[in-house]
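> Would you be able to build a 3D model of this:
(2 chains)
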2 protein chains.
Amino acid sequence: MTNSVEEYVRQNEPRFLNELLELLRIPSVSTLPEHKQDVARAAQFVGDSLRKAGMENVEIITTQKHPLVYADWLHAPGKPTVLCYGHYDVQPPDPLELWESPPFEPSLRNGNIYARGACDDKGQMYMHVKAAEALRAAYGGKLPINLKFLIEGEEEVGGESISKYVQEQGAKLKADVALVSDTELFADGVPTLCVGLRGLIYLEIEATGPARDLHSGMYGGAAPNPVYGLIELLSKAKDAEGHIRIPDIYEDVVPPDPAEIESWKWLPFSEDEFLKHEVGSSALTGEPEQSVFARIWARPTFEVHGIAGGFTGTGAKTVIPAKATAKVSLRLVPKQHPERVLSAVKQWVKDNTPKGIQTEVRVLSAGPAISVNPNHPAIEVAAKAFSEMLGKPTVFIRSGGSIPIVGEFATHLGIPTVLMGFGLPDDGLHSPNEKYRISNYYTGIMTIAHFLDEYGRNSV
Amino acid sequence: MTNSVEEYVRQNEPRFLNELLELLRIPSVSTLPEHKQDVARAAQFVGDSLRKAGMENVEIITTQKHPLVYADWLHAPGKPTVLCYGHYDVQPPDPLELWESPPFEPSLRNGNIYARGACDDKGQMYMHVKAAEALRAAYGGKLPINLKFLIEGEEEVGGESISKYVQEQGAKLKADVALVSDTELFADGVPTLCVGLRGLIYLEIEATGPARDLHSGMYGGAAPNPVYGLIELLSKAKDAEGHIRIPDIYEDVVPPDPAEIESWKWLPFSEDEFLKHEVGSSALTGEPEQSVFARIWARPTFEVHGIAGGFTGTGAKTVIPAKATAKVSLRLVPKQHPERVLSAVKQWVKDNTPKGIQTEVRVLSAGPAISVNPNHPAIEVAAKAFSEMLGKPTVFIRSGGSIPIVGEFATHLGIPTVLMGFGLPDDGLHSPNEKYRISNYYTGIMTIAHFLDEYGRNSV
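Prediction:
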């Protein structure tokens, strides 16, 4: 059956590409109100594509913000059900002047599609649609598995609507496993399944000092400065080597199991290349006794993203501001409880707030880490299908980032997620000149179809 | 003679007030290009007023930015020459919504003039013009002293043009003493001369880390974060009690002499009131073994005004930025050399830059502290005249702020400055609802005329 799927994909490559280019031309920037109609248009496009691929019960679901697209095909009794997730919204394209071709006029160069959303996530989401179409063609109008699609238009702006929908529609969305293609291959040509995502706590810490902005000449030396108060506080979060010094913060952290650590050694990775070509700084930082993989995948972090409230314009202003706010995040690893970490952080802020300063901690989001059992049948099938398609053993990696919907699926639907993505590390998500390898688009369609086919077959 | 000056001022109060109100109606905001014509109009207004007051050789001097106004009256041979300085430009009025009456439609309420520039510095500068007019009336068309006026329109934007002019026009500006009214009374009704100003070094410290902005999920834990790098660095600038820890920074600092410290004890001051009504924080900070006056007047400071470059918008963004910049200032006290302090700071930055981060120090300005000898004849006369007019002993205070022109006069003209201001601590300079006490405007005119009269008389 695989052969006929492959054949169908090969024969339809030009059309599959053109359809994706059409979707990429819709500037569905979810954060910008002026693109609201474009986002709605992209939702319709996705709904139409699902209908043409043979999906049924296609719904464009209105939400508080941007529509959800639902569809299903449930005529394979006794076979498992896979919930395919993706998003059709994109990040704003700016800075526009850095794009070599306009972000919403896809350009084909060097074997890549250059466009905003080419990889994140239109190109990857659309592979699911085309995989369903190809399978259906190969099976003469039927599918070897039950499929549900839930595609959102708010991933880049927090995903509130889908979160609410998943909480409320447990019965409708019931499935055995979710499939998400919003990740990348560890390296070009290496079949990669992501089996761990860090959690994220995002905080604002507001410090207040004087009742109003003060002139630093008149009051400097006696008046507390909230910008410096935050600097004093936040400097105590980590030691010079990068160990977090907030009491109890490592309490629930468990080291990765030896097999996983062993497997990392087989990944094609050069610390020197990583430093030079990915990070681009003079040295890597962080806990020296941990490997780079452990630092970015398996260890919690404390990061300060910015401090607002003082003077940051051009030139000089000698202000002691009345307040200042820091944006702070902690990445969490499996077994850490967001609430326990939060209360440790709050206590630490309280204990370390300098004299003359008041602090308040506001929680913007808090979600746990996710780990997927690599021995889950769906993961095993996915690993095998991936490996067969790319001709190499599948590697299991983690990601240091967070995909909140995976947590929602685990919490509210009780299902694991197969994280099977075909991006490349240099695809430039959220950056100018975002791209997606054209051959990865086709390979992705075939691999996903192959996985769905095998997963249906294996569970008979 | 004083009596007839007083009489003239009393009789002309309504006209003196109306003239000032007219000047206050001109929105001469020097930093905003759309007000360039208004700034020019204010310069013309000042020139015309000087001419009407009997000054000669009135010039509106074109500069790179905003005009300087010069005038003189030099027909008192054998008498000293006073150089009167002030500025006719003002700060932007925003936030506009906090003004109870429009900033450029002066409103008289509670004995005050509410308007942008009422105190800083139009109201105070204009006292000099009216004092000259009143003296001339009292002396039948002559003056008991030689006067030069140099009024600028760039004080709120750095004062580059006047600095250049003073450097180049030493002969033209030759005088025995300068007179500046851009300071305040220590408290309402207390005759106050300012005899010390702190110097200021203003720096930008730029930290760079990764070659581009990174996703904190993907790289957090291994990639250096320039925002946190700055936090680590800057936190080492002071200990928890506020002592600066940059090596050698206190090298040249000398304590105020015992007589000055003794005199501070007689100032009407309550630390509790200062904390509650001026600073408005939960506690004062800074070196605990120093008095509040020493901390704000006689000790150097290290202040961080803001950090730019990370994410500070609404919501959450998990960025590790490629670079971040801190705005930092140090206030200097007499005997500290800006160049020595600068090189100590640069060395300290170099020695404390965290791993993986590069730092660069950019100097935006650097000027030394000023101290005026209270035994200088002009200061002694000013103190006596002030005291006679307000019926209380004159207090000598310092200001923690910096008035760069006073340093220029000292360096390039070799003259001290009488800092005789009539603002009040709550006049709200640079803030909404800036005000100036109407009675202080009249008292100021009389006091300045009295000082000029006595200074001419004493030096015969």
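> Pull out the buried positions in the strand or helix carrying residue A:7.
Assessed by DSSP states H and E, residue A:7 sits inside helix A:2-24. Neighbour counts over helix A:2-24 (16 or more other CB atoms under 10 Å in any protein chain shown) mark A:5-6, A:8-9, A:12, A:16-17, A:19-21, A:23-24 as buried. (Glycine included, C-beta is placed from N, CA and C.)
> Kindly state the domain boundaries assigned to chain A.
Residue ranges for the domains of chain A, per automatic domain parsing: A:2-197+A:370-458, A:200-253+A:300-367.
> Among the ones you listed, which comes closest to residue B:96?
Residue B:96 lies closest, by CB to CB, to one member of these: domain A:200-253+A:300-367, at 16.2 Å.
> That closest one - what's its average pLDDT?
Looking at domain A:200-253+A:300-367 alone, the average pLDDT works out to 95.
> mind listing what the most centrally placed residue in chain A touches?
With distances taken as CA atoms, centre = their mean, chain A has residue A:403 as the residue nearest its mean C-alpha position (4.2 Å). For residue A:403, the contacting residues are A:180, A:182-183, A:197, A:370, A:419, by CB atoms under 8 Å, 6 or more residues apart in numbering or on different chains.
> can you tell me which of these are in strands?
Cross-referencing the contacts of residue A:403 against strands under DSSP state E gives A:180, A:197, A:370, A:419.
> Looking at these, spot the one nearest residue A:63.
Taking CB to CB as the measure, residue A:63 lies nearest residue A:180 of these, at 19.7 Å.
> Make sure that closest one is actually in contact with residue A:416.
No: using CB atoms under 8 Å, residue A:180 is not in contact with residue A:416, being 10.7 Å away.
> which residues do the two both contact?
Counting by CB under 8 Å, 6+ apart, nothing touches both residue A:180 and residue A:416.
> What residues are bridge-paired with the closest residue to residue A:92 other than its chain neighbours?
Leaving aside its chain neighbours, residue A:92 sits nearest to residue A:29 (5.2 Å; criterion: CB to CB, 6 or more residues apart in numbering or on different chains). As for beta bridges, residue A:29 partners with residue A:90 under DSSP bridges.
> Tell me if I'm right that residue A:29 and residue A:90 touch.
Yes: counting by CB under 8 Å, residue A:90 is a contact partner of residue A:29 at 5.8 Å.
> Pick out whichever of these two has more residues nearby.
residue A:90 (32 against 25; other CB atoms under 10 Å in any protein chain shown).
> who's in contact with that one?
Residue A:90 neighbours (CB under 8 Å, 6+ apart): A:27-30, A:116-117, A:120, A:122, A:156.
> run the last query once more with 10 Å
The neighbours of residue A:90, taking CB atoms under 10 Å, 6 or more residues apart in numbering or on different chains as the test, are A:24, A:26-31, A:35, A:38-39, A:42, A:103-104, A:115-118, A:120-122, A:153, A:155-156, A:429-430, A:434.
> Okay, and which of those residues map to helices?
Counted as lying in helices by DSSP state H, out of the contacts of residue A:90, are A:24, A:38-39, A:42, A:122.
> before we move on, back to that, check the buried residues of helix A:2-24 against chain B and report the nearest one.
residue A:24 (21.8 Å; CB to the nearest CB).
> quick one: contacts for that closest one?
Counting by CB under 10 Å, 6+ apart, residue A:24 makes contact with A:42, A:90, A:103-106, A:113-118, A:122-123, A:126, A:434, A:436.
> Mind checking which of the residues you listed are buried?
Here, 16+ other CB under 10 Å leaves A:42, A:90, A:103-104, A:106, A:113-118, A:122-123, A:126, A:434, A:436 buried among the contacts of residue A:24.
> residues contacting the closest residue to chain B within the stretch 51-200 of chain A?
Per CB to the nearest CB, residue A:198 is where the stretch 51-200 of chain A lies closest to chain B, at 6.5 Å. Under the criterion of CB under 10 Å, 6+ apart, the contact list for residue A:198 reads A:296-301, A:330-334, A:336, A:367-371, A:398-402, B:216-218, B:220-221.
> Filter the residues you listed down to just the ones in helices.
Judged by DSSP H, those include B:216-218 as members of helices.
> Which of those residues ranks first by neighbour count?
residue B:216 leads the ones in helices among the contacts of residue A:198 on contacts (other CB under 10 Å) with 28 neighbours.
> Report the spatially closest residue to that residue, excluding sequence-adjacent ones.
Once flanking residues are discounted, residue B:216 sits nearest to residue B:318: 4.2 Å by CB to CB, 6+ apart.
> Same question for residue A:211.
residue B:280 (2.5 Å).
> number of nearby residues for the one you found?
Quick note: residue B:280 (other CB under 10 Å) scores 16 neighbours.
> gap between it and residue A:224?
As judged by CB to CB, to the nearest Å, residue B:280 and residue A:224 stand 10 Å apart.
> Name the residues contacting each of the two.
With CB under 10 Å, 6+ apart as the test, residue B:280 and residue A:224 both reach A:208-210, A:214.
> Which ones among the residues you listed map onto helices?
Judged by DSSP H, helices contain none of the shared contacts of residue B:280 and residue A:224.
> need those in CSV with distance to chain B and neighbour count, can you?
Shown next, in CSV, are those (distance: CB to the nearest CB, whole Å; neighbours: other CB atoms under 10 Å in any protein chain shown):
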residue, distance to chain B, neighbour count
A:208, 8, 22
A:209, 5, 27
A:210, 5, 21
A:214, 7, 24
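> Point out the residues in the stretch 51-200 of chain A that sit beside chain B.
Contacts of the stretch 51-200 of chain A with chain B, taken as CB under 10 Å from any CB of the partner chain, map to A:157-158, A:184, A:197-198, A:200.
> Looking at the residues you listed, which is nearest residue A:271?
Ranked by distance to residue A:271 (CB to CB), these are led by residue A:184 at 19.0 Å.
> which residues does that closest one bridge with?
For residue A:184, the beta-bridge partners are residue A:423 (DSSP bridges).
> Distance-wise, check it relative to residue A:130.
Per CB to CB, residue A:184 is found 19 Å from residue A:130.
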